[in-house]
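Colleague: here is my input, please return the structure:
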Amino acid sequence: MGPDSRRGVDADGDDATATRPARLVAVQSAAQRAAAEALIREYLRWIAAIAHAHYGLAFDTDAMVRSDLDDHGKFYPPSGRFYLVEQAGAYIGVGCLKQLGEGLGEVQRMYVQPQVRGVGAGRLLIQRLLADAREIGYHTVRLESLRALRVAHRLYRSVGFVEIEPYRANSMDAYQSDSARDRYRRSAVFMEACFGEDAGAIVRAPRSG
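Modeller: As a prediction, this is how the structure comes out:
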């Protein structure tokens, strides 16, 4: 699938790739789509295992991947963005932005492979998605994340996200049965960042609830 997406630091952190800067690549070609599909599947299997172990939830990951890759109005311009994270010739992460409503965007599929976390790739990705959201014209960007992923929440808060009440039309609603939907919402953290009038400014709204 192009660059080797499995390369990264070894158990001792001695691989020189960890010190090389990451860059973002917009998903456009067939090879890039294949790389993005592999990373999204890896991410969703990881999330599904956490959701099952911690909360007894199950996801239809195949349906989620099909929606991500086949719906060209979801993550692609003009209303969306779809990026791979590349480092030292390897695809090591993925992240997406979609339109959730009028003036409202949602970050989805934020993932960096475990062996290369801590090198700033996740921050590079979320900052780019926020900049893109502002450029598109969104005034608010939302996301959801399992409560168990506390490290990710610290990153999101550091760039201006605050916790809010669960919102309708979130990315997981379509993949949960009616009986499991409330349980899923209790298992997740819902967050948003609102842009101020000054370019690049984030308004930190008070926490809801």
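Colleague: and the longest strand for the chain?
Modeller: Longest strand in the chain by number of residues (criterion: DSSP state E): strand 90-101.
Colleague: with just CA atoms, put it into CSV.
Modeller: C-alpha atoms of strand 90-101 as CSV (Å, rounded to 0.1, in the frame of the first residue of the first chain):
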residue,chain,number,x,y,z
ALA,A,90,5.8,5.4,6.2
TYR,A,91,2.1,6.1,6.7
ILE,A,92,1.7,6.2,10.5
GLY,A,93,-1.7,7.9,11.0
VAL,A,94,-4.9,9.2,9.6
GLY,A,95,-7.4,12.0,10.4
CYS,A,96,-10.6,13.4,8.9
LEU,A,97,-13.0,16.3,8.9
LYS,A,98,-16.6,16.2,7.8
GLN,A,99,-19.6,18.6,7.8
LEU,A,100,-22.0,17.9,10.6
GLY,A,101,-24.4,20.8,9.9
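Colleague: strand partners (parallel or antiparallel) of that strand?
Modeller: Looking at strand 90-101 with DSSP bridges, its partner strands are strand 81-87 (antiparallel), strand 104-112 (antiparallel).
Colleague: residues contacting the longest one, please?
Modeller: Residues from elsewhere that reach strand 104-112 (CB atoms under 8 Å, 6 or more residues apart in numbering): 39-40, 42-43, 46, 68, 75, 85, 92-100, 121-122, 125-126, 129, 133, 136, 138-143, 152, 170-171. Yep, even glycine has a C-beta here, placed from its N, CA and C like the rest.
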